[in-house]
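[1] Give me the fold of what follows.
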Amino acid sequence: MPVTTHPTEAPPRVCFDTHPDRYRHWRLELDGAVARLVLDVDESSGLVPGYPLKLNSYDLGVDIELYDAVQRLRFEHPEVRAVVVTGGKEKVFCAGANIRMLAQSSHPWKVNFCKFTNETRNGIEDATANSGQTWIAALNGTASGGGYELALACERILLIDDGSSAVSLPELPLLGVLPGTGGLTRLVDKRMVRRDLADTFATRAEGVRGQTAVEWRLVDESVPRSRFDAVITERAAAAAELSTRPRGARGITLPPLARTVTGDTITYPHVRASLDRDAATVEITVLGPSGRAPEGVDGVHAAGAEFWPLAVTRELDDLILELRTNELELGTWVLRTRGDAAAVLAHDRLLAEHGGDWLVNEVRHYLKRTLKRLDVSSRSLIALVEPGSCFAGSLLELALAADRCYMLDGLPEDADGARPATIALGELNFGALPMGNGLSRLGVRFLADPDHVETLRELAGEPLDAARALELGLVTSAPDDIDWEDEVRLAIEERASFSPDALTGMEANLRFAGPETLETKIFARLTAWQNWIFTRPNAAGPEGALRKYGSGQRATFDRRRV
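    The predicted model follows:
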């Protein structure tokens, strides 16, 4: 049957809040130190009408549930030391992203979908690396496309040997696109598959089975059906035994976010967004702590999800996803903070000094992942440091993540009783919250002068006024009150006058100076190759492979290499 498309239908407004009680596609099964996450997709419950989710294929709704499960396993279940992800249908693990969904989706929807999917898979890898929760893929049947990419995010892959189940990346031969937003990169960079074998694999639509898949490094083990369940149990138990996850720890509950969305505002207790659709901008204000930092680790655990660094990170994470998915035309995000810088630094010290505690460790890595999500968002970021701001420590990372940062030098005329703006470095600015390239944002900023970063370390905790911040290279510009309003306005208006496509390309190129890593490769290729291929007629045109898939007709390709 030909793929049907609905290009005129507006996508739904997506909410990223969910809970295991509301999952339609995943089952989270807990058994002491081992959790099983079973993908059993309800094919009639696609996020958008127009496609059945056959063969355990997925759309954004399936991925939202997976992301929620990853988060809850880390925060609510410290007893879990190994996670087995498997399929809930006979002879199929996962068929990957639903092709009909991709064919009918707009280009921005496809790109945001791919980006969120990879961020979630990065989170799985981060859980294995930093949380002591080893993820194991138990491929009970064929894993193709994005289904195999999900397995690639796991630490170990076991494939059932039943004579038919295979792993494959069939996007190129079947769809005219490629698994360039994670699959190919993980294949050669993470699993270190030989290039010629990877080339053969990625052009073989039927995939690779059994011992050949092991020999090619595509999976770690090929296990006979009769022993499959027993071997999975053994591997999970062994991983759990080696885990550094604490024994006897009690998790915290992640309650629903207190989010209010009106026409032009999105508000949470600690984060506020004001949307200006005419100017194509969003003003995001992050509020500092309203009270004192808890007393030590016991106080952090007692506060639970109300612990300010965790609470504000959850809200900022949700807002980034909300804006990125639902507000495509608001291309400039203006970042502000309000509050007490000393209180921010006091909370940061708990994260810096008690990293050995499982909960503090989770909060710190969650903050790291959320800042990375900001880094790879295709939006212009402009930070404004004004009297009353609290760009200090962890919140200073927002300014360091921005494409430009403006800091008011002095006070406006109507600033009764206010103090001039300052910023402050903290312990978390020096490597605790790395970017995708493995460097701190200060390290990227001063790539040519690493000694300067060490000089800045000596200034940690010291309030720095605009002149000093400009001298140290921590802000882009420090206008006085006379020039402030005009300079900021012109910078924002100029951004809105440029091509959004060109801005996205420029920002993605400039933000990740320094070494290339698995993460930077994945997101650079999402911005470039996949972004381009998804719009080309060979894939998305009326005679392209995505549109012809399932019709029984061959795609018509423009044979010119561009």
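
[2] only C-alpha atoms for contact and neighbour calcs from this point on.
    Noted.

[3] residue ranges with poor pLDDT in the stretch 201-350 of the chain?
    Within the stretch 201-350 of the chain, no range satisfies pLDDT under 70.

[4] can you give me the strands in it?
    Taking DSSP state E, counting those that start in this stretch as the test, the strands found in the stretch 201-350 of the chain are 208-209, 221-224, 260-261, 265-267, 271-276, 281-287, 332-338.

[5] Residue 252 and residue 362: what is the separation?
    Distance of residue 252 to residue 362, given as CA to CA, to the nearest Å: 11 Å.

[6] so who does residue 214 touch?
    Going by CA atoms under 8 Å, 6 or more residues apart in numbering, residue 214 touches 220-222.

[7] Near the residue nearest to residue 429 when sequence neighbours are not counted, how many residues? Count them for me, please.
    Among residues not flanking residue 429 along the chain, residue 393 sits closest, at 6.0 Å (CA to CA, 6 or more residues apart in numbering). Residue 393 has 26 neighbours, counted by other CA atoms under 10 Å.

[8] Do I have it right that residue 393 meets residue 424?
    Yes - counting by CA atoms under 8 Å, residue 393 touches residue 424, with 6.4 Å between them.

[9] would you list every one of the strands in the stretch 51-200 of the chain?
    Under DSSP E, counting those that start in this stretch, the stretch 51-200 of the chain gives strands at 57-58, 82-87, 92-94, 96-97, 134-139, 142-144, 156-161, 166-168.

[10] So residue 239 sits against residue 82, correct?
    Yes - counting by CA under 8 Å, residue 82 is a contact partner of residue 239 at 6.1 Å.

[11] which residues in the stretch 251-400 of the chain form helices?
    According to DSSP state H, counting those that start in this stretch, the stretch 251-400 of the chain carries its helices in the segments 296-303, 308-326, 341-353, 358-375, 396-401.

[12] and among these, the most buried is which?
    Comparing the helices of the stretch 251-400 of the chain by mean neighbour count (mean count of other CA atoms under 10 Å), helix 396-401 comes out on top with a mean of 23.

[13] And that one, what does it pack against?
    helix 358-375, strand 380-385, helix 441-445 (3 or more CA pairs under 8 Å, 6 or more residues apart in numbering; DSSP states H and E).

[14] Dump it to CSV, keeping only the CA atoms.
    Only the C-alpha atoms of helix 396-401 are listed here, as CSV (Å, rounded to 0.1, in the frame of the first residue of the first chain):
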residue,chain,number,x,y,z
LEU,A,396,26.7,31.0,34.6
GLU,A,397,26.8,27.9,32.4
LEU,A,398,23.7,29.3,30.6
ALA,A,399,25.7,32.5,29.7
LEU,A,400,28.7,30.5,28.7
ALA,A,401,26.4,28.4,26.5
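
[15] what's in contact with it?
    Residues contacting helix 396-401 (CA under 8 Å, 6+ apart): 335, 371, 374-375, 381-384, 390-391, 405, 423-425, 429, 441-442, 445, 474.

[16] Identify the residue nearest residue 34 in space, chain neighbours excluded?
    In space, and not counting its chain neighbours, residue 34 is closest to residue 82: 4.9 Å by CA to CA, 6+ apart.

[17] Quick check: the gap between the one you found and residue 222.
    20 Å.

[18] quick one: which of the two has more around it?
    Applying other CA under 10 Å to residue 82 and residue 222 shows that residue 82 carries more neighbours, namely 29 against 20.

[19] for the more buried one, what are its contacts?
    Residue 82 touches 33-35, 132-136, 236-237, 239-240, 243, counting by CA under 8 Å, 6+ apart.

[20] so who does the residue nearest to residue 264 when sequence neighbours are not counted touch?
    Leaving aside its chain neighbours, residue 264 sits nearest to residue 275 (4.9 Å; criterion: CA to CA, 6+ apart). Each residue near residue 275 by CA under 8 Å, 6+ apart is listed here: 264-265, 281-283, 330.

[21] Show the buried residues in these.
    281-283, 330 (16 or more other CA atoms under 10 Å).

[22] Report the two of those separated the most.
    The largest separation in the buried ones among the contacts of residue 275, counting by CA to CA, is between 283 and 330 at 10.2 Å.

[23] tell me which residues in stretch 497-512 are buried?
    For stretch 497-512, a neighbour-count test (16+ other CA under 10 Å) marks 500, 503-504, 507-508, 511-512 as buried.

[24] Could you do stretch 432-451 as well?
    432-446.

[25] Run through the bridge partners of the spatially closest residue to residue 261 that is not a sequence neighbour.
    Spatial nearest neighbour of residue 261, excluding adjacent residues (CA to CA, 6+ apart): residue 267 at 6.6 Å. Residue 267 has these beta-bridge partners by DSSP bridges: residue 260, residue 272.
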